[in-house]
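Chemist: this one's structure only:
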């Protein structure tokens, strides 16, 4: 699939230690998103595209810790990006979920669906109209980010070999793919982007 890189951005969603095996909310094979994302970020940098990384950044008493294990606490090793993720091509890091009473799955909005992370304004100011997403997790932060991207008017592509899901509750990954399809999100393999 050919895209215009100069009007496109790669969004690398929450590739953090706590979402990888050994982390407090570790996703099976979560680290396997790193290789495809590194190849894509280098490609975007080479061809004049933008690269954004999102980072869960929770206070110690965050509201989500009633639903999920304690994860991605501000300044902790678990909140760090995976050590093999290449951050050199990254133009912007969006930290989300830092308000105690408000969680944030999407790269664009907190879960109240009103509070913006600022990402949309950044992209629109650069005339970006196409987004390529990968990262963790398929059925939460990648899903909500992709659906918001569509709603905000972006051509939205999810890289199938650069995502992994929690699948909690069981079936949520399958449900995410149905929602991608219904929203018109395009699914590709990383090798197919040029």
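Modeler: Ah, there it is. In this text, all values refer to a predicted model and were calculated from it rather than measured experimentally.
Chemist: Quick one: residues contacting the spatially closest residue to residue 91 that is not a sequence neighbour.
Modeler: If the residues on either side of it in the chain are set aside, residue 91 comes closest to residue 50, at 5.0 Å by Cβ to Cβ, 6 or more residues apart in numbering. Backbone N, C-alpha and C define where each C-beta goes, glycine included. By Cβ atoms under 8 Å, 6 or more residues apart in numbering, the contact list for residue 50 reads 8-10, 44, 91-92, 123, 126, 128.
Chemist: Find the pair from these with maximum spatial separation.
Modeler: Maximum pairwise distance among the contacts of residue 50 (Cβ to Cβ): 14.3 Å, between 8 and 92.
Chemist: quick one, which of these two is more surrounded?
Modeler: Set side by side, residue 8 and residue 92 show unequal neighbour counts under other Cβ atoms under 10 Å, the larger going to residue 8 at 22 against 16.
Chemist: Quick check, the more buried one in contact with residue 49.
Modeler: Yes: with contacts defined as Cβ atoms under 8 Å, residue 8 counts as touching residue 49 at a distance of 4.8 Å.
Chemist: ok, back up a step: quick one: buried ones out of the contacts of residue 50?
Modeler: 8-10, 44, 92, 123, 128 (16 or more other Cβ atoms under 10 Å).
Chemist: Out of the residues you listed, list just those in helices.
Modeler: 44, 123 (DSSP state H).
Chemist: so which of the buried ones among the contacts of residue 50 comes closest to residue 177?
Modeler: Here the nearest of these to residue 177, counting by Cβ to Cβ, is residue 10; it sits at 20.5 Å.
Chemist: what pairs with that closest one across the strands?
Modeler: In this structure, residue 10 has the following beta-bridge partners (DSSP bridges): residue 51, residue 132.
Chemist: OK, contacts around it?
Modeler: Counting by Cβ under 8 Å, 6+ apart, residue 10 makes contact with 37, 40-41, 44, 49-52, 131-134.
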